[in-house]
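> need a 3D model of the sequence below.
(2 chains)
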Number of protein chains: 2
Amino acid sequence: MEDRLRKQLDFSLEIDKEKNIFRQTHLSGHGRNENDAEHAWHMAVMAYILREYANEDVDIAKVMIMCLIHDIVEIDAGDTYAYDTVSKETQREREEAAKKRIFSILPDDQKDELTALFDEFDAEQTAEARYARAMDNLQPLLLNDSNDGGDWKEHGITAEQVYGRQGRTKNGSEKLYEITDSIIKKHIQKGNLK
Amino acid sequence: MEDRLRKQLDFSLEIDKEKNIFRQTHLSGHGRNENDAEHAWHMAVMAYILREYANEDVDIAKVMIMCLIHDIVEIDAGDTYAYDTVSKETQREREEAAKKRIFSILPDDQKDELTALFDEFDAEQTAEARYARAMDNLQPLLLNDSNDGGDWKEHGITAEQVYGRQGRTKNGSEKLYEITDSIIKKHIQKGNLK
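Got it, this is the predicted structure:
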């Protein structure tokens, strides 16, 4: 087999490990914890279905692949809970090392391509990255809302913390931020958020 | 909230259930059974990484969304194992009913759009559908290969059965079919396939 294809298939097998990285979010119906691969799948489908609400015109293929790969680094770096300030401090360092190792399995041109997509998502400076980030926020919000805010209650999360994260949805989609805001307000009222 | 957006969010929550539909394929490292959402995620990433091997030029956004949604019907219809001839007989009927119910949660235009994408994938008559089908075959093959053919051994699958399914990969990618063929031949030689 050609070296190029061998590398691409090695990468394809390596990323299977993302299915073993579990998040703090629980599936709807008070289900088990969600894993990164499922989360990425859900974000990508939602990005497609909700694309009319992106603030700016987006290249939907780019948004989808960004959603699909944005957590691959967690194979090595582990999931960092959005509201865990201690782990947040070392997150960049852990994810940089993971990014180098995992994307280096690919041929050089694809290593560069996926690294660039990952960095673009992370920087939130393009229309696609801002909209993809909105999905990264809205997807777990929908699940947590369906579970009566259970993930927040379990960790004693405050409204301020949730607004700190979910506020960035506005940069990708004003419309979806309206919904986000109404969901957060509902949970404050219900006492699910401190 | 507008009726249109409400429907889109209801659909977004409904498809969460796909994460509870488990397949016969096992994760690499002799892991647990894989679920449909993870499988769809894996297929879509592979479709992107391996797109240079598609026999024909493909619209990669269309391929990815096709991969991502192709198993949503299994929320109602359940997973039908590729080599289960009895379940295969009722598969179309079960999946048609599921398709109607689940895609009808969406606004009419998107119901039509996703139904058309699902049907296109199923019919394998376009470049995108043929290439997406190649991913539907190659993704579990890679996992099963990494597990020394364990999924085949467990069910006593024959080489003829595997060629019957995997042969269609050729229509989407001659190159990836070469790899498929060499993997199958290796497992025949090792006695993992009857």
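> tell me the first helix or strand C-terminal of the strand ranked longest in chain A.
The residue-count maximum for a strand in chain A (DSSP state E) belongs to strand A:22-26. Helices and strands here follow DSSP states H and E; after strand A:22-26, the next one along the chain is strand A:33-35.
> please enumerate residues in contact with the longest strand of chain A?
Outside strand A:22-26, the residues that touch it by C-beta atoms under 8 Å, 6 or more residues apart in numbering or on different chains are A:32-36, A:39, A:79, A:81-82, A:140, A:143-144, A:147, A:150-151, A:154-155. Bear in mind the C-beta positions are built from the backbone N, C-alpha and C, glycine included.
> just checking: what are the partner strands of it?
Its sheet considered, strand A:22-26 pairs with strand A:33-35 (antiparallel) by DSSP bridges.
> quick one: contacts for the nearest residue to A:Ala77 once chain neighbours are set aside?
Nearest residue to A:Ala77, sequence neighbours excluded (C-beta to C-beta, 6 or more residues apart in numbering or on different chains): A:Arg94, at 3.9 Å. Neighbour list for A:Arg94: A:73, A:76-78, A:80 [criterion: C-beta under 8 Å, 6+ apart].
> which of the residues you listed lies closest to B:Arg6?
Nearest to B:Arg6 out of these is A:Thr80 (C-beta to C-beta; 32.4 Å).
> now the host helix or strand of A:Gln139 against strand A:22-26, angle please.
Assigned by DSSP H and E, A:Gln139 belongs to helix A:127-146. On the basis of axes from the mean of the first three to the mean of the last three C-alpha atoms, to 10 degrees, helix A:127-146 is oriented at 60 degrees to strand A:22-26.
> can you dump the C-alpha coordinates of helix A:127-146 into CSV?
Output in CSV follows, covering the C-alpha atoms of helix A:127-146 (Å, rounded to 0.1, in the frame of the first residue of the first chain):
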residue,chain,number,x,y,z
ALA,A,127,-17.7,33.2,10.1
GLU,A,128,-17.4,29.4,10.1
ALA,A,129,-15.6,29.2,13.4
ARG,A,130,-18.1,31.5,15.1
TYR,A,131,-21.0,29.5,13.9
ALA,A,132,-19.4,26.1,14.7
ARG,A,133,-18.7,27.5,18.2
ALA,A,134,-22.4,28.3,18.6
MET,A,135,-23.1,24.6,17.9
ASP,A,136,-20.5,23.6,20.5
ASN,A,137,-22.6,25.6,23.0
LEU,A,138,-26.1,25.0,21.8
GLN,A,139,-25.8,21.2,21.5
PRO,A,140,-25.1,20.4,25.2
LEU,A,141,-27.5,23.2,26.2
LEU,A,142,-30.4,21.4,24.4
LEU,A,143,-29.5,18.1,26.2
ASN,A,144,-29.1,19.7,29.6
ASP,A,145,-32.4,21.6,29.1
SER,A,146,-34.2,18.4,28.3
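> starting at the chain centroid, how far to it?
Between the centre of helix A:127-146 and the centre of its chain there are 7 Å (C-alpha atoms, centre = their mean, to the nearest Å).
> can that helix be found next to chain B?
Yes - counting by C-beta under 8 Å from any C-beta of the partner chain, contacts between helix A:127-146 and chain B involve A:139, A:142-143, A:146.
> repeat for stretch A:100-116
Yes - Stretch A:100-116 is in contact with chain B by C-beta under 8 Å from any C-beta, via A:106, A:110.
> which ones among the contacts of A:Arg94 lie within helices?
Using DSSP state H, A:76-77 are the members of the contacts of A:Arg94 that sit in helices.
> most surrounded residue in the contacts of A:Arg94?
Within the contacts of A:Arg94, neighbour counts (other C-beta atoms under 10 Å in any protein chain shown) peak at A:Val73, which reaches 25 neighbours.
> ok, that one to B:Arg101 distance?
37 Å (C-beta to C-beta, to the nearest Å).
> quick one: pLDDT of the residue most central in space within chain A?
Centroid-nearest residue in chain A, with C-alpha atoms, centre = their mean: A:Asp136, separated by 3.8 Å. The per-residue pLDDT reported for A:Asp136 equals 98.
> what does A:Tyr81 give?
87.
> quick one, phi psi at it?
The phi/psi pair for A:Tyr81 (degrees, to the nearest 10) reads phi -60, psi 140.
> count the residues that sit near the closest residue to it other than its chain neighbours.
Residue nearest to A:Tyr81 in three dimensions, not counting chain neighbours: A:Gln24, with 4.8 Å by C-beta to C-beta, 6+ apart. Look at A:Gln24: counted by other C-beta under 10 Å, it has 19 neighbours.
> what residues are up against the most far-flung residue of chain A relative to its centre?
Here chain A reaches farthest from its C-alpha mean at A:Met1, the gap being 34.5 Å by C-alpha atoms, centre = their mean. Residues in contact with A:Met1, defined by C-beta under 8 Å, 6+ apart, are A:9, B:179, B:182.
> many thanks, I have nothing further to ask.
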